[in-house]
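Q: Whatever this is, show me its structure:
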Amino acid sequence: MTRLRSAALVGVVAAALAGGCGSAATEAPALAPAITPAAPPAITLGIAAEESVFDPAGLVVPADAPFALRFDNRDAVPHNVAIAGAGPGYSGEVFIGPATRTYSFASLTAGSYMFICDVHPEMVGTLLATEDGDGR
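A: As a prediction, this is how the structure comes out:
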């Protein structure tokens, strides 16, 4: 009789565990917290590297607004665009061309900045962040 009761008890426990697993599978999964996307760029400008020179060598962006640079590396060597003096987060990915990447940057306060290729420090240009975004 003891064996029969033990077998019955094991069966009841197994059924309870299986039932518990089944009900958990029918519960709705918890939702991930909402992610607030970054502000979209106010402007996207194009810039290229060809023969280890930036074209154009001067850019103007609106101050205090996020912006993007569409960088076309036309050379078969690695390049990027970094904004010197703007702090961390203002250096785009280094990549070998021919290829294109779009870099999104946070806003800059009004002023003049230098942009540079981290791989080729002789590649430089000027970036103006202006209140009206058109160099005035």
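Q: Break down the chain into its strands, ranges please.
A: 43-50, 53-55, 58-62, 67-73, 78-79, 82-84, 95-96, 99-105, 111-116, 124-130 (DSSP state E).
Q: want to try CSV for the ones you listed, with mean neighbour count as columns?
A: Any C-beta I mention is one placed from the backbone N, CA and C, and that applies to glycine too. Formatted as CSV, the strands of the chain follow (neighbours: other CB atoms under 10 Å):
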stretch, mean neighbour count
strand 43-50, 16
strand 53-55, 17
strand 58-62, 19
strand 67-73, 20
strand 78-79, 21
strand 82-84, 18
strand 95-96, 12
strand 99-105, 16
strand 111-116, 16
strand 124-130, 18
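Q: show me where pLDDT drops low in this structure?
A: 1-39, 133-136 (pLDDT under 70).
Q: Return the residues in contact with Thr100.
A: If a contact means CB atoms under 8 Å, 6 or more residues apart in numbering, then Thr100 has Arg70, Phe71, Asp72, Asn73 as its contacts.
Q: List the beta-bridge partners for it.
A: Asp72 (DSSP bridges).
Q: Before I go, just wanted to say thanks for your time.
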